[in-house]
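J.: Generate a structure from the sequence data that follows.
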Amino acid sequence: MTLTKDLVTRALTSVDDHAGQDLVTGGALQWVSACEGFAKVKLCLSEAVDEPTMMHIAGEADRAIRRAADRDGAKVAGLEFQFVDQQGNDVFRVGGASAEPKPAAKTSAPNPDPGAGGNALPNVKHIIAVGAGKGGVGKSTVAVNLAIGLARAGYAVGLLDGDIYGPSLPTLLGLDALEQVVHEGELQPHAVHGIKAITLGKMVEADKPLIWRGPMAHGAFNQLVTRTRWGELDYLIIDLPPGTGDVPLTMAQTLKLTGAVIVCTPQKVAQDDAVRAVRMFQQLNVEVLGVVENMSFFVGDDGKNYDIFGRGGAEQMAQRLGLPFLGAVPITMALRANGDAGTPVANFDPSTAGGDALPESLSGLVANLESQVTLASLKQGKTTPTLTIS
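T.: Prediction:
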């Protein structure tokens, strides 16, 4: 038997809401979602309580659900409890995909700011999300080349394949021959091309469809983040799934982000979705570091540039939104070939990148990102300006 909403609801009738009634009868239970052994419970208590009390209630609910599941022969893969206030603002979360409940990111408003998010990776100086409003705009390609470019600039860089629905890093980084190693319960990132990389694509069968809902997506992303032994990093680049779903919200509540990069192609249909991605990050109080126009133009074998998709559209969108424009990346035969071969370092060498256009655009992109990260860090109080007198 599978874990169901009805089973969870029945179990919660035996849990005290700290106001003299059970969670269901007293109206504290807002909703329940359950899928493939994972369940998420949203609670709104009639009286404000402190964190230890919420933790106690969540623990009692966890035990009640597991007891009911054992009686019915249902498997529990993970439980998450979300507490909200009377206005619906998220105030406390506990649990996830692990076997036992544990504190998760807490926010005091529906729009968590990056400084108030979780601090799951204290040894990482800058965490940058790379997102897009729609698929097929080359978000993963940009994320990979940003990571490689930053590593070539001398930084310690990690790359997290947060696209749990369609992980691309096994191909783009050439990881086919490598096996995922787990040491003392921690995932060991792959050391390739001068960076550390982790991807769900190396933990499942290559042709297996990845179907995630709610708590499952939250748990999968959280485990990739928190169970990986990253070590000391200057930058962690996170390649997000396209759109505005569960993973970006989980990320904003779990990690202290320096900011986000939006990838967009020039045509208007891509811009429309990119604007939604921008608004999502702004609503989450994650600073948008800038916009990248990918597939900006095509460099043919004759050396000429062809504006297939209408060059400059994403740059104009950035100007309208008051956002920095980080640069334009062309389409080249070499970019495609190097991506398929899993040799992204070759994109930075004119002899293997089909000329100067691609290496120059990528180097400019990295330099502009570094500048925006410095500005964002100053605003967030992570660094202080220095004055050198000579």
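
J.: only C-alpha atoms for contact and neighbour calcs from this point on.
T.: OK.

J.: What about the closest residue to Lys268 other than its chain neighbours, how many residues nearby?
T.: Excluding its sequence neighbours, the residue lying closest to Lys268 (CA to CA, 6 or more residues apart in numbering) is Gly313, at 7.1 Å. As a burial measure, Gly313 scores 18 neighbours (other CA atoms under 10 Å).

J.: any idea of the mean pLDDT in stretch 352-364?
T.: Average pLDDT, stretch 352-364: 94.

J.: Buried residues of that stretch, list them for me.
T.: Residues of stretch 352-364 classed as buried: 352-355, 357-359, 361-364 (neighbour count, 16 or more other CA atoms under 10 Å).

J.: and which of those residues is nearest Val288?
T.: Nearest to Val288, judged by CA to CA, of the buried residues of stretch 352-364 is Gly364 at 18.0 Å.

J.: Confirm that closest one sits in a helix?
T.: Yes: if the criterion is DSSP: H, G, I helix; E, B strand; the rest coil, then Gly364 is within a helix.

J.: OK, contacts around it?
T.: Gly364 makes contact with 326-327, according to CA atoms under 8 Å, 6 or more residues apart in numbering.

J.: Could you do Arg152 as well?
T.: Gly194.

J.: Next one: it from Phe92, what distance?
T.: Counting by CA to CA, to the nearest Å, the gap from Arg152 to Phe92 is 40 Å.

J.: Is it correct that Ala120 is in contact with Gln253?
T.: No: using CA atoms under 8 Å, Ala120 is not in contact with Gln253; the gap is 10.0 Å.

J.: More neighbours: which of these two?
T.: In terms of neighbours (other CA under 10 Å), Gln253 is the more surrounded of Ala120 and Gln253; the figures are 25 against 17.

J.: and this structure, what are its domains?
T.: As assigned by automatic domain parsing, the chain contains the domains 5-95, 124-380.

J.: Quick check: end-to-end length of the longest one?
T.: What that stands for is domain 124-380. Terminal residues of domain 124-380 are spaced 15 Å apart (CA to CA).

J.: cool, the first one as well?
T.: Between the opening and closing residues of domain 5-95 lies a distance of 17 Å (CA to CA).

J.: roughly how far out does that domain sit from the chain middle?
T.: The chain centroid and the centroid of domain 5-95 are separated by 26 Å under CA atoms, centre = their mean, to the nearest Å.

J.: do stretch 158-167 as well
T.: Mean-position distance between stretch 158-167 and its chain equals 8 Å (CA atoms, centre = their mean).

J.: can you give me the helices for the stretch 51-200 of the chain?
T.: For the stretch 51-200 of the chain, the helices defined by DSSP state H, counting those that start in this stretch cover 51-72, 139-152, 169-172.

J.: right, so those helices: which one is the most enclosed?
T.: Per residue and on average, the most neighbours among the helices of the stretch 51-200 of the chain fall to helix 139-152, with a mean of 23 (mean count of other CA atoms under 10 Å).

J.: Kindly export that helix (C-alpha atoms) in PDB.
T.: Output in PDB follows, covering the C-alpha atoms of helix 139-152 (Å, rounded to 0.1, in the frame of the first residue of the first chain):
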ATOM      1  CA  LYS A 139      20.900  27.500 -19.800                       C
ATOM      2  CA  SER A 140      23.000  24.400 -19.000                       C
ATOM      3  CA  THR A 141      25.500  25.300 -21.600                       C
ATOM      4  CA  VAL A 142      25.900  28.800 -20.100                       C
ATOM      5  CA  ALA A 143      26.100  27.400 -16.600                       C
ATOM      6  CA  VAL A 144      28.900  25.000 -17.600                       C
ATOM      7  CA  ASN A 145      30.900  27.600 -19.400                       C
ATOM      8  CA  LEU A 146      30.500  30.100 -16.600                       C
ATOM      9  CA  ALA A 147      31.900  27.500 -14.200                       C
ATOM     10  CA  ILE A 148      34.800  26.700 -16.500                       C
ATOM     11  CA  GLY A 149      35.600  30.300 -17.100                       C
ATOM     12  CA  LEU A 150      35.600  31.100 -13.400                       C
ATOM     13  CA  ALA A 151      37.900  28.200 -12.700                       C
ATOM     14  CA  ARG A 152      40.300  29.400 -15.500                       C
END
